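Enquirer: Got a predicted model here, sequence first, then my questions.
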2 protein chains.
Amino acid sequence: MTKEVTLKHYIQGEVKLSDFAIVDKTLSALQESEVLVKNNWMSVDPYMRGRMIDRKSYIPPFQLKQALEGSAVGIVQESKSQRYQKGDMVLSMKGWREAFIANERELIKLPARAHEEDYLGVMGMPGMTAYTGLLKIGKPKEGECVFVSAASGAVGSLVCQIAKLKGCKVIASVGSDEKVKWLKEVLGVDEAFNYKKHPDLNSILKKVAANGIDVYFENVGGKHLEAAINHMNAHGRIVVCGMISQYNLDHPEPGPTNLAQIIGKRLLLKGFIVSDYDDVKPEFYTQMDKWLETGKVHYKTHVYQGIDKAPEAFINLFKGENIGKMLVKL
Amino acid sequence: MTKEVTLKHYIQGEVKLSDFAIVDKTLSALQESEVLVKNNWMSVDPYMRGRMIDRKSYIPPFQLKQALEGSAVGIVQESKSQRYQKGDMVLSMKGWREAFIANERELIKLPARAHEEDYLGVMGMPGMTAYTGLLKIGKPKEGECVFVSAASGAVGSLVCQIAKLKGCKVIASVGSDEKVKWLKEVLGVDEAFNYKKHPDLNSILKKVAANGIDVYFENVGGKHLEAAINHMNAHGRIVVCGMISQYNLDHPEPGPTNLAQIIGKRLLLKGFIVSDYDDVKPEFYTQMDKWLETGKVHYKTHVYQGIDKAPEAFINLFKGENIGKMLVKL
């Protein structure tokens, strides 16, 4: 008997605890090439919100009344696969469940020495997203100014640090004074502000980005995008990674009024999905491993305990509760 | 004595005839290396609207009470330059005036056999804009769908034809039935519609671009951009050349509500200014010359007579009066 989280119906507007169900499931017997895994950690990520809407997108919507999906790290309990044995640590997309049976092809074996939850954060999808988006799309040059929104999140906090490692000036927007403090004192960003205290984003950017922004790493959308465009330098690049301010809206919000600046400033805006960049993975793992080993990159996790808490963890992502990676320990 | 057009004040909102003055000017005597040119043709282009606003941009605002600037083709009348002699045909940025004196460095000599007004249109800045924007930024592949707004204008009509020459399906939005007819019957686009008869752009695009849009050549902005984003295919490219719907607004208009689609569809939006692409010029001239000689590219001009009509010609650009290049014959 194992517990799984399912979605009762597709969701418009704000996500509520009552949209989810926690259900018991009996796992069947192992077939040839199958493996039984007990999850230790599961990830909740903002992109999952898109799968809770019934529409065509780059990834299909979640199936109602079936276990949700997402990254998870677990330990093999039983194996009828040649490739896996009891005790192996594996990464899968079989999150939102305490345990599962999967074909060997649905798993990725992790190194035995791995710090397991890292593979859901700094060494996982969020790390790859930060690395790829900033370096392969934003392409900041030394001395340029990089502006990051949602800068204390799993992705944003890594973007800030990679930009600093590349010799950029880094400006961070976050939603609390505690986050400002962490970014300035631990991650070493040049400027950080609490946007809730600066509703006029144009004024604060004018002050902290007096020489303009060369790369904007967009995690938020809406007013953040508009203000960033106003302060972009000529030939600036906007890496469109997420727009978390838009995902829970009941009705779509009007967009920036200043898009005509894209022309005169010759701006690039590029949306991306990290799974399109698998060729970058070897470089990313090598580089991030080195940065971690030499203490060049810091990270935090915000952990909920038990699968029953997974919906709450997910919902609180959109309230900006987490500093660093939001995780559920199973 | 020569006539020039000047601007009385910077302009917000719709441009009026009374914003301009036609003034008489006495030309001084020629100095060493200077040339006296009588203009035969001058260009009015939408981008000039941006120079009528007092703001920092990629090109400085027009100087008030001085002759405006823009492309012009004229004939050398007198020369104290080694490089030019009487009768030479020259291209300059000294439009909006009947005649002028300039240093030899401010002129470009045109080939003697040239069809002079072509250098303000198909072989000039608008031609380069269409060629560069479509092929160097949009990069359409054979069989892809290219959507062009303001498709009967100087730039749009060339984008349509270059896209057809590259084997694309071409969909055109224009503002009159006469333009629809020209685009379909003469330029050979696959689909063209009069947006004034289809205020619900989403419906018409759903019909004419049933398989989605791969490249959107953006000349208009506003509702056209929003509808295009809704119909873009994954990995689509939006070449942001102009947003003519926005230039005369008193108050900025809210932008598209659907920018979050940039992420899931991995869209590229790229603003550009053709003068950044001078390295493309040799290729452009060679190719366009060949297309013109073999009758592969068609164009039209919409001509006003006399410098007194230049402000009216400019104003009517924004009313979509022209099919093809708007010009003033001096």
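Expert: Sure thing, it's come through.
Enquirer: pretty sure A:I263 is in a strand, no?
Expert: No - per DSSP: H, G, I helix; E, B strand; the rest coil, A:I263 lies outside any strand segment and is helix.
Enquirer: Model confidence at the residue nearest to it when sequence neighbours are not counted, what's the number?
Expert: Closest residue to A:I263 apart from its sequence neighbours, by Cβ to Cβ, 6 or more residues apart in numbering or on different chains: B:G271 at 4.3 Å. All C-beta spots, glycine's among them, are computed from the backbone N, C-alpha and C. pLDDT for B:G271: 98.
Enquirer: Tell me the bridge partners for B:G271.
Expert: Note on B:G271: beta-bridge partners by DSSP bridges are B:V240.
Enquirer: A:V174 now?
Expert: A:N194.
Enquirer: ok now do it, which residues does it touch?
Expert: A:A150, A:A151, A:S152, A:G156, A:V180, A:L183, A:A192, A:F193, A:N194, A:Y195, A:G320 (Cβ atoms under 8 Å, 6 or more residues apart in numbering or on different chains).
Enquirer: May I see these arranged in CSV, with neighbour count, pLDDT and secondary structure as well?
Expert: Converted to CSV, the contacts of A:V174 look like this (neighbours: other Cβ atoms under 10 Å in any protein chain shown; pLDDT from 0 to 100; DSSP: H, G, I helix; E, B strand; the rest coil):
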residue, neighbour count, pLDDT, secondary structure
A:A150, 29, 97, coil
A:A151, 30, 98, coil
A:S152, 26, 97, coil
A:G156, 27, 98, helix
A:V180, 21, 98, helix
A:L183, 28, 98, helix
A:A192, 24, 98, strand
A:F193, 20, 98, strand
A:N194, 16, 98, strand
A:Y195, 21, 97, coil
A:G320, 17, 92, coil
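Enquirer: which of those lies closest to B:N103?
Expert: Using Cβ to Cβ, A:F193 comes nearest to B:N103 of the contacts of A:V174, at 49.8 Å.
Enquirer: Looks like the closest one contacts A:K206 (just checking).
Expert: No - using Cβ atoms under 8 Å, A:F193 makes no contact with A:K206, being 11.9 Å away.
Enquirer: Now tabulate the contacts of A:V174 in CSV and tack on distance to B:L68.
Expert: Below are those laid out as CSV (distance: Cβ to Cβ, whole Å):
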residue, distance to B:L68
A:A150, 45
A:A151, 45
A:S152, 50
A:G156, 46
A:V180, 49
A:L183, 49
A:A192, 46
A:F193, 43
A:N194, 47
A:Y195, 42
A:G320, 51
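Enquirer: What is the nearest of those to chain B?
Expert: A:A150 (13.5 Å; Cβ to the nearest Cβ).
Enquirer: For that closest one, which non-adjacent residue is spatially closest?
Expert: A:A150 sits nearest to A:N219 (Cβ to Cβ, 6+ apart), 3.7 Å away.
Enquirer: Identify the residues contacting that neighbour.
Expert: A:V148, A:S149, A:A150, A:A151, A:G153, A:V155, A:G156, A:C241, A:G242, A:M243, A:I244.
Enquirer: Please apply the same query to A:S28.
Expert: A:I101.
Enquirer: same check, this time on the one 4 residues further on
Expert: Applying Cβ under 8 Å, 6+ apart, we find A:E32 in contact with A:K80.
Enquirer: Let me know the pLDDT of the residue positioned nearest the centre of chain A.
Expert: Residue closest to the average C-alpha location in chain A (Cα atoms, centre = their mean): A:P126, at 4.4 Å. Note on A:P126: pLDDT of 97.
Enquirer: Can you list the helices and strands that the one helix or strand it maps to packs against?
Expert: Taking DSSP states H and E as the definition, one finds A:P126 inside helix A:125-132. The contact analysis (3 or more Cβ pairs under 8 Å, 6 or more residues apart in numbering or on different chains; DSSP states H and E) places helix A:125-132 against helix A:156-165, helix A:281-293.
Enquirer: Quick check: nearest residue in space to A:Y216, chain neighbours excluded?
Expert: Spatial nearest neighbour of A:Y216, excluding adjacent residues (Cβ to Cβ, 6+ apart): A:A228 at 4.2 Å.
Enquirer: picking up where we left off before, nearest to B:F62 among the contacts of A:N219?
Expert: Out of those, the member with the shortest distance to B:F62 (by Cβ to Cβ) is A:S149, at 36.5 Å.
Enquirer: show me the contacts for the residue nearest to the centre of chain A.
Expert: A:D45, A:L120, A:A154, A:V155, A:L158, A:K325.
Enquirer: okay, and the helix or strand of chain A with the least pLDDT?
Expert: None of the helices or strands of chain A scores lower by mean pLDDT, DSSP states H and E than helix A:244-247, at a mean of 92.
Enquirer: how about that helix as CSV, C-alpha atoms only?
Expert: What follows is helix A:244-247, C-alpha atoms only, in CSV (Å, rounded to 0.1, in the frame of the first residue of the first chain):
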residue,chain,number,x,y,z
ILE,A,244,4.8,32.9,-12.3
SER,A,245,2.7,36.0,-11.8
GLN,A,246,0.5,34.9,-14.6
TYR,A,247,-0.1,31.2,-13.9
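Enquirer: close to chain B, is that helix?
Expert: Yes - against chain B, helix A:244-247 shows contacts by Cβ under 8 Å from any Cβ of the partner chain at A:Q246, A:Y247.
Enquirer: Which of the contacts of A:N219 ranks first by neighbour count?
Expert: A:V148 (33 neighbours; other Cβ atoms under 10 Å in any protein chain shown).
Enquirer: what's next to whichever strand or helix holds it, contact-wise?
Expert: Using DSSP H and E, the element containing A:V148 is strand A:145-149. Strand A:145-149 has contacts (Cβ under 8 Å, 6+ apart) with A:134, A:138, A:140, A:156, A:159-160, A:163, A:168-173, A:205, A:209, A:211-220, A:224, A:228, A:231, A:233.
Enquirer: Could you count how many residues lie near the residue nearest to A:Y216?
Expert: 28.
Enquirer: ok, it touching A:I213?
Expert: Yes - with contact defined as Cβ under 8 Å, A:A228 reaches A:I213; the gap is 6.1 Å.
Enquirer: Give the residues shared as contacts by these two.
Expert: A:F147, A:L205.
Enquirer: about what we covered before: now do the strand holding A:V148 against helix A:125-132, angle only.
Expert: Between the axes of strand A:145-149 and helix A:125-132, defined by axes from the mean of the first three to the mean of the last three Cα atoms, to 10 degrees, the angle is 150 degrees.
Enquirer: domain parsing for chain A?
Expert: A:2-121+A:300-329, A:125-275 (automatic domain parsing).
Enquirer: Let's verify the closest residue to A:G212 other than its chain neighbours: helix, strand, or coil?
Expert: Counting by Cβ to Cβ, 6+ apart, A:G212 lies nearest to A:N233, which is 3.8 Å off, once chain neighbours are set aside. At A:N233 the chain is in strand, as set by three-state DSSP.
Enquirer: Contacts only, for A:N233.
Expert: A:C145, A:N211, A:G212, A:I213, A:D214, A:K265.
Enquirer: and A:N103, what does it touch?
Expert: A:S33, A:E34, A:V35.
Enquirer: ok, and the last one, which helix or strand is that part of?
Expert: Assigned by DSSP H and E, A:V35 falls within strand A:34-43.
Enquirer: Between helix A:125-132 and that strand, find me the angle.
Expert: 70 degrees.
Enquirer: can I get the CA coordinates of strand A:34-43 in CSV?
Expert: Presented in CSV, the C-alpha positions along strand A:34-43 are these (Å, rounded to 0.1, in the frame of the first residue of the first chain):
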residue,chain,number,x,y,z
GLU,A,34,10.6,-3.7,-13.8
VAL,A,35,11.8,-2.1,-10.6
LEU,A,36,10.1,-1.1,-7.3
VAL,A,37,11.3,2.2,-6.0
LYS,A,38,10.5,4.0,-2.7
ASN,A,39,10.8,7.7,-3.1
ASN,A,40,12.8,9.7,-0.6
TRP,A,41,12.3,13.1,-2.1
MET,A,42,9.9,14.7,-4.6
SER,A,43,10.0,18.1,-6.3
